[in-house]
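**Q** Return atomic coordinates for the entry below.
(2 chains)
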Protein chains: 2
Amino acid sequence: MKKRIDPGTYACPAPAWCVGTYDEEGRANIMTVGWGGICCSVPPHLTVSVRKVTHSYAALMHRKCYTVSIPSVTYLKEADYFGIVSGKDTDKFTVSGLTATRSELVDAPYVEEFPLIFECEVRHVVEIGGHVQFVGEIVGIKADETVLNAKGLPAIDKVNPFVYAPTSREYWSLQEVVGQGFSSGRVLIKEV
Amino acid sequence: MKKRIDPGTYACPAPAWCVGTYDEEGRANIMTVGWGGICCSVPPHLTVSVRKVTHSYAALMHRKCYTVSIPSVTYLKEADYFGIVSGKDTDKFTVSGLTATRSELVDAPYVEEFPLIFECEVRHVVEIGGHVQFVGEIVGIKADETVLNAKGLPAIDKVNPFVYAPTSREYWSLQEVVGQGFSSGRVLIKEV
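**A** The predicted structure is shown next:
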């Protein structure tokens, strides 16, 4: 017997992704979001949701592109800071001491020090409620060589991202591999 | 200097969520997805993306509602199985030995044995590419008493979910709290 709970954003895990944009005046802005995820494989897309009152919302609507910089645990403090203050009146790059690098693919900046970067062009804008969802096609990816696996692709243990737990507002690190996708469940497939 | 990588679904972390639906004939179906996330706080919404060829897609379009059952690491094998085979020709509940319970709020079943359940009504259907995204309002939540914190809300360490790493198709467990949202970054805010 399960207990009923009032609707809320308690689904887990959520990512902690840093969304980079240029505002109307060309200033680099960065904002951390927990509401987002991959939403399509071919072509690859990912979403981020922001509220209309944010500085990032105006920039996203104006430029119709963004980056997602994925922070490693090393940069947790900076990533959290990016989600607390507004770019309207603060240059978060200067305050944090991190570097805004201009993407050569999309009209948006990314965080140079973060290991894994996605460059996105907005394809859909979905008005949901308090948040507006931006569905962006991933047109480019950049990664530090140090986070690549033998196939030249970004390895999660090397990126060392953290997870956001909405209920407690905690960030959690990853521990270990506990299974293999499209494989661990094969034991349940009955042989004919 | 970062290395350029061809666009792909390498953003991490991704969730592993089990989407419950009834098909046109009323059969309970369940499918694990990694493409999804929370997308709005007020009212709370979450998204799941599926391909049009899936049995779940037809059910989602027909019933316009779904559940998300979040598996704990204990049920990794079953959750992975739900993502391998199709409900078109297999009753995944029967094969896995898990229980399909009818939600009394939405016209969809959930996995009784999983600790945390979200009951959703589809508000938007977004055709992106190979995947179609379903944006659902969370109209109800159910949780096992054993996963609730002192405030009666689901605690991530008690739910014990796992994360999907798209690049390597691995599932990862969570380790420990490494920071506090809207707090860890406050040290960077300059006092005036």
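**Q** Ignoring the adjacent residues along the chain, who's closest to A:D80?
**A** B:G185 (3.3 Å; C-beta to C-beta, 6 or more residues apart in numbering or on different chains). Bear in mind the C-beta positions are built from the backbone N, C-alpha and C, glycine included.
**Q** isn't that neighbour right up against A:P71?
**A** No: B:G185 lies out of contact with A:P71 (C-beta atoms under 8 Å); the separation is 10.9 Å.
**Q** Can you pick out the residue with more neighbours from the two?
**A** Using other C-beta atoms under 10 Å in any protein chain shown, the more surrounded residue of B:G185 and A:P71 is A:P71, with 27 against 23.
**Q** Just give the closest residue to the more buried one, not the sequence neighbours.
**A** For A:P71, the closest residue by C-beta to C-beta, 6+ apart turns out to be A:A79, at 4.0 Å.
**Q** just checking, the one you found touches A:T32?
**A** Yes: between A:A79 and A:T32 there is a contact at 5.2 Å, judged by C-beta under 8 Å.
**Q** list the residues that contact both of the two?
**A** Listed contacts common to A:A79 and A:T32 are A:A16, A:C18; contacts here mean C-beta atoms under 8 Å, 6 or more residues apart in numbering or on different chains.
**Q** the more surrounded of those two?
**A** A:A79 (31 against 25).
**Q** before we move on, back to that, quick check: neighbours shared by B:G185 and A:P71?
**A** A:E78, A:A79.
**Q** Do a quick rundown of the helices in chain A.
**A** Under the criterion DSSP state H, chain A contains helices at A:55-63, A:76-82, A:92-96, A:156-159.
**Q** Can I get the ones you listed in a markdown table including mean pLDDT?
**A** Below are the helices of chain A laid out as a markdown table (pLDDT from 0 to 100):
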| stretch | mean pLDDT |
| --- | --- |
| helix A:55-63 | 98 |
| helix A:76-82 | 98 |
| helix A:92-96 | 97 |
| helix A:156-159 | 97 |
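**Q** quick one, which of those is packed in tightest?
**A** helix A:76-82 (a mean of 25; mean count of other C-beta atoms under 10 Å in any protein chain shown).
**Q** Who are the packing partners of it?
**A** Using 3 or more C-beta pairs under 8 Å, 6 or more residues apart in numbering or on different chains; DSSP states H and E, the elements in contact with helix A:76-82 are strand A:28-33, helix A:92-96, strand B:170-180.
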